[in-house]
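show me the folded form of this:
(2 chains)
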Amino acid sequence: NAGVTQTPKFQVLKTGQSMTLQCAQDMNHEYMSWYRQDPGMGLRLIHYSVGAGITDQGEVPNGYNVSRSTTEDFPLRLLSAAPSQTSVYFCASSLVSGSSHEQYFGPGTRLTVT
Amino acid sequence: GQNIDQPTEMTATEGAIVQINCTYQTSGFNGLFWYQQHAGEAPTFLSYNVLDGLEEKGRFSSFLSRSKGYSYLLLKELQMKDSASYLCAVRLHNTNAGKSTFGDGTTLTVKP
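Alright, predicted model coming up:
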């Protein structure tokens, strides 16, 4: 199992550019989510999905879009990058039901917007 | 809304014991997670407490008091590799584990 994978690991964008951060998991987890982490802070939920075709907003959704066409993939799109979106982005997955409650995190994408 | 508080930084000595506290104010509380995050890496799961009391896993233990809105993570026999950020996160009723709210984390530095 590769677990949760994210690409790219690093990205530099100019203000106004758009891009997609990729996230994939091979654990057949129903639940996937995107977080951003700013220096010295915890994780803030951007968007999440409880299964293919179902997505919803988290705490800080503005400026981001997601889609979930398959169980495995959950890409995050930045529509028009802004310096305020400079952050580390983590994708995570977990089971919806059952006794296992932990989230599995990808290695993160470090994004700088200039 | 939810309010989660943790100390920003702590320092301890190798071989010692350290307790990292987390207090929360929330409605519909279900359980509390602890995650460890080394600098530049992803968080990794340490524990999940639903019921009051202490749960032990090797050198790490986690305690929860639902009535007091309080949890702590206890690290024994500290090692240099325990230097990391420790995040507590609250899960609400009827939400998936992934839809949790995180505190800002406590950065623990272990010194020789």
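
list the contacts of the spatially most central residue of chain A.
The centroid of chain A falls nearest to A:Trp34 when counting by Cα atoms, centre = their mean (2.8 Å). By Cβ atoms under 8 Å, 6 or more residues apart in numbering or on different chains, the contact set of A:Trp34 is A:21, A:23, A:45-48, A:58, A:64, A:66, A:74, A:76, A:89-92. (Glycine included, C-beta is placed from N, CA and C.)

right, and A:Leu21 touches A:Val88 too?
No - under the criterion of Cβ atoms under 8 Å, A:Leu21 is not in contact with A:Val88, lying 10.9 Å apart.

tell me which of the two has more neighbours.
A:Leu21 (22 against 17; other Cβ atoms under 10 Å in any protein chain shown).

nearest residue to that one in space, please, no chain neighbours.
A:Leu76 (4.5 Å; Cβ to Cβ, 6 or more residues apart in numbering or on different chains).

and that neighbour, what are its bridge partners?
A:Leu21, A:Val66 (DSSP bridges).

ok, it - contacts?
A:Thr20, A:Leu21, A:Cys23, A:Trp34, A:Ile46, A:His47, A:Tyr64, A:Asn65, A:Val66, A:Tyr89, A:Cys91.

can you tell me how far it is from chain B?
Going from A:Leu76 to chain B by Cβ to the nearest Cβ, to the nearest Å gives 15 Å.

can you check A:Thr112 too?
Counting by Cβ to the nearest Cβ - A:Thr112 and chain B are separated by 15 Å.

gap between the helix or strand hosting that residue and the chain center?
Using DSSP states H and E, A:Thr112 maps to strand A:109-113. Here the centre of strand A:109-113 is set off from its chain's centre by 13 Å, with Cα atoms, centre = their mean, to the nearest Å.

quick one: name the residues of chain A near chain B.
Counting by Cβ under 8 Å from any Cβ of the partner chain, the residues of chain A close to chain B are A:31-33, A:35, A:40-45, A:48, A:50, A:58-59, A:90, A:92-96, A:101-108.

torsion angles phi and psi at B:Tyr24?
Torsion angles at B:Tyr24 (phi, psi; degrees, to the nearest 10) stand at phi -140, psi 150.

oh, I was asking about A:Thr15
The phi/psi pair for A:Thr15 (degrees, to the nearest 10) is phi -50, psi 130.

my guess is it contacts A:Gln85. True?
No - using Cβ under 8 Å, A:Thr15 makes no contact with A:Gln85, being 9.5 Å away.

spit out the residues that contact the two alike.
With Cβ under 8 Å, 6+ apart, A:Thr15 and A:Gln85 have common neighbours A:Val113.

which one of the two has more residues nearby?
A count of neighbours by other Cβ under 10 Å puts A:Gln85 above the other of A:Thr15 and A:Gln85, at 19 against 11.

who touches the closest residue to that one other than its chain neighbours in this structure?
Counting by Cβ to Cβ, 6+ apart, A:Gln85 lies nearest to A:Val113, which is 5.3 Å off, once chain neighbours are set aside. For A:Val113, the contact set (Cβ under 8 Å, 6+ apart) comprises A:Val12, A:Leu13, A:Lys14, A:Thr15, A:Ala81, A:Ala82, A:Pro83, A:Ser84, A:Gln85, A:Thr86.

in CSV, list those along with secondary structure.
Converted to CSV, those look like this (DSSP: H, G, I helix; E, B strand; the rest coil):
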residue, secondary structure
A:Val12, strand
A:Leu13, strand
A:Lys14, coil
A:Thr15, coil
A:Ala81, coil
A:Ala82, coil
A:Pro83, helix
A:Ser84, helix
A:Gln85, helix
A:Thr86, coil
